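Q: sequence first, predicted coordinates after that:
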Amino acid sequence: MKKLPVYEMLISDDMDSDLMVDFIALVDRPAIKKDFVKFNDQFVEPAKGERKDDFIPRCISYVVSEGKDTEQAAAICYSMWDQHFAEAESWNDYPEAAVENAKTALRWAEENGWGECGEATGKIRANQIANKEKLSRETIARMSAFQRHKQNSDRPLGEGCGRLMWLSWGGDEGIAWAERKLKQIDREAFKIQDEEKRIISGPLMVANQKIFRTDPELGDYEVFFSPETIKKIAIKMAKKGFHNNVNLMHNADMKVPGVTLFEIFQSDKARGIRPMKGFEDLADGTLFGSMYVENDVAWQMVKDGMIKGFSVEGNFGMRKKDEYNEQFEKIVEILNSTTF
């Protein structure tokens with residue numbers, strides 16, 4: 001499979017240069033998201049519940065129809081799949097009682113058959129839970145939504161499908177865990193650190209995370225920010241006094257007064273600076289921040305889950321990994337006002 005070229009994103013130390021981060025956006029999806037300019041996101045993105053073996057051929061077929069050769073299409077589609085799930089954690093800290101419930105359902109079905117009970121997804125879910133597999137946010141949301149079937153859960157096994165399918169999805173303990181976990185996950189793009197003090201905290205930039213990009217000039221490629229560049233970005237933001245530069249959804253016409261970035265730090269194991277609690281798995285060199293939200297409208301949007309994370313924006317140069325890019329000035333033009 002052909003590898004996509006990888007470029008390191010750069011800013012300039014020169015205070016007069018426009019290569020810098022100048023705004024932080026409050027967004028409805030966490031920062032560091034892929035930006036597929038050319039393709040229909042609804043089609044190319046993995047669909048709900050779609051397996052990798054189903055997505056890759058579907059994606060390749062579509063990308064080939066857009067003019068790419070098969071090798072290029074495969075590289076793009078595997079990158080899409082990896083990015084899609086790299087950005088979303090998975091969890092298996094559900095209680096043992098949920099595991100036993102799923103095993104009970106599987107044992108009963110093995111002895112008596114599934115009959116007309118359950119769709120394929122329910123059977124898959126029972127096996128996932130019984131095997132203590134990690135579950136995505138999307139799967140946990142489906143488990144939580146299964147609460148609506150609780151009224152059918154008390155019937156004995158063999159009397160209809162209610163009890164069997166309830167156990168397949170983890171039973172009382174599994175569904176209750178999913179409801180709790182979903183609320184926790186949706187607050188972890190950034191965390192409401194203090195309800196009364198109106199403080200939200202989370203990652204601003206993730207070090208060395210590859211991000212898929214495509215444009216007419218450079219074609220398909222991936223980019224990343226090194227810890228050193230992230231440090232330069234943080235220093236230049238502070239020198240420029242950009243801590244009040246906040247907007248909604250990267251919309252220049254939707255600047256948000258009354259929201260201030262008052263705390264910012266970069267994790268650094270060598271200096272003993274640990275990641276923010278709840279984000280210990282992020283790479284060393286990740287940039288974290290906290291905002292004080294005085295704006296009543298913005299605070300209500302945070303509480304309602306309408307905005308869930310931070311995303312930086314600015315102008316960047318870049319160079320090919322391990323190789324200086326002689327077209328630096330041209331690339332600067334292409335990447336003007338790029339957002340991450």
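A: Cool, the structure landed.
Q: using the centroid of the chain, identify the residue furthest from it.
A: Within the chain, residue 159 marks the point farthest from the mean C-alpha position, 41.4 Å out by C-alpha atoms, centre = their mean.
Q: roughly how far apart are that residue and residue 220?
A: 55 Å (C-beta to C-beta, to the nearest Å). (C-beta placed from N, C-alpha, C; glycine too.)
Q: same question for residue 249.
A: Distance from residue 249 to residue 220, by C-beta to C-beta: 25 Å.
Q: who has more neighbours out of those two?
A: Higher neighbour count among residue 249 and residue 220: residue 220, with 20 against 13, using other C-beta atoms under 10 Å.
Q: nearest residue to that one in space, please, no chain neighbours.
A: Closest residue to residue 220 apart from its sequence neighbours, by C-beta to C-beta, 6 or more residues apart in numbering: residue 214 at 4.7 Å.
Q: burial measure for the one you found, as a count.
A: By other C-beta under 10 Å, neighbour count at residue 214 equals 17.
Q: does it sit in a helix, a strand or a coil?
A: strand (DSSP: H, G, I helix; E, B strand; the rest coil).
Q: likewise residue 64?
A: Under three-state DSSP, the three-state class of residue 64 is helix.
Q: residue ranges in the stretch 1-150 of the chain under the pLDDT threshold?
A: Along the stretch 1-150 of the chain, segments meeting pLDDT under 70 span 1-2, 28-50, 66, 79, 82-89, 118-120.
Q: wasn't residue 223 part of a helix?
A: No. Counting by three-state DSSP, one finds residue 223 to be strand, located in no helix.
Q: residues contacting residue 236?
A: 11, 13, 15, 20-21 (C-beta atoms under 8 Å, 6 or more residues apart in numbering).
Q: if you rank the residues you listed by neighbours, which is first?
A: residue 21 (26 neighbours).
Q: just confirm that one is within a helix.
A: No. Residue 21: not assigned to a helix; according to three-state DSSP it is strand.
Q: these two touch, right, it and residue 240?
A: No. Judged on C-beta atoms under 8 Å, residue 21 makes no contact with residue 240 at a distance of 9.2 Å.
Q: residue 157 reaches residue 106, doesn't it?
A: No. Residue 157 is beyond contact range of residue 106, at 12.0 Å (criterion: C-beta under 8 Å).
Q: element containing the spatially closest residue to residue 52 that is not a sequence neighbour?
A: In space, and not counting its chain neighbours, residue 52 is closest to residue 81: 5.9 Å by C-beta to C-beta, 6+ apart. Element membership of residue 81, judged by DSSP states H and E, is helix 70-86.
Q: same question, residue 129
A: helix 120-130.
Q: for that helix, list the C-alpha coordinates in PDB.
A: This file holds the C-alpha atoms of helix 120-130, laid out as PDB (Å, rounded to 0.1, in the frame of the first residue of the first chain):
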ATOM      1  CA  ALA A 120     -27.000  -9.200  13.800                       C
ATOM      2  CA  THR A 121     -25.900  -6.200  15.800                       C
ATOM      3  CA  GLY A 122     -27.400  -7.600  19.000                       C
ATOM      4  CA  LYS A 123     -25.600 -10.900  18.600                       C
ATOM      5  CA  ILE A 124     -22.300  -9.100  17.800                       C
ATOM      6  CA  ARG A 125     -22.800  -7.000  20.900                       C
ATOM      7  CA  ALA A 126     -23.300 -10.000  23.100                       C
ATOM      8  CA  ASN A 127     -20.000 -11.500  21.900                       C
ATOM      9  CA  GLN A 128     -18.200  -8.200  22.300                       C
ATOM     10  CA  ILE A 129     -19.300  -7.800  25.900                       C
ATOM     11  CA  ALA A 130     -18.800 -11.500  26.800                       C
END
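Q: contacts for that helix, please.
A: 49, 94, 98-99, 101-103, 105-106, 109, 114, 135, 139, 142-143, 165, 167-170, 174.
Q: which PyMOL command selects the buried ones in the residues you listed?
A: Buried residues within those, by 16 or more other C-beta atoms under 10 Å, are selected in PyMOL with:
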select buried, resi 94+98+99+101+102+103+105+106+109+114+135+139+142+143+165+167+168+169+170+174
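Q: so which bits of the host helix or strand of residue 24 are buried?
A: Per DSSP H and E: residue 24 is located in strand 20-27. Buried residues in strand 20-27, counted by 16+ other C-beta under 10 Å: 20-21, 23-27.
Q: make CSV from those residues and add distance to residue 296 to it.
A: Below are the buried residues of strand 20-27 laid out as CSV (distance: C-beta to C-beta, whole Å):
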residue, distance to residue 296
20, 31
21, 27
23, 21
24, 20
25, 19
26, 14
27, 19
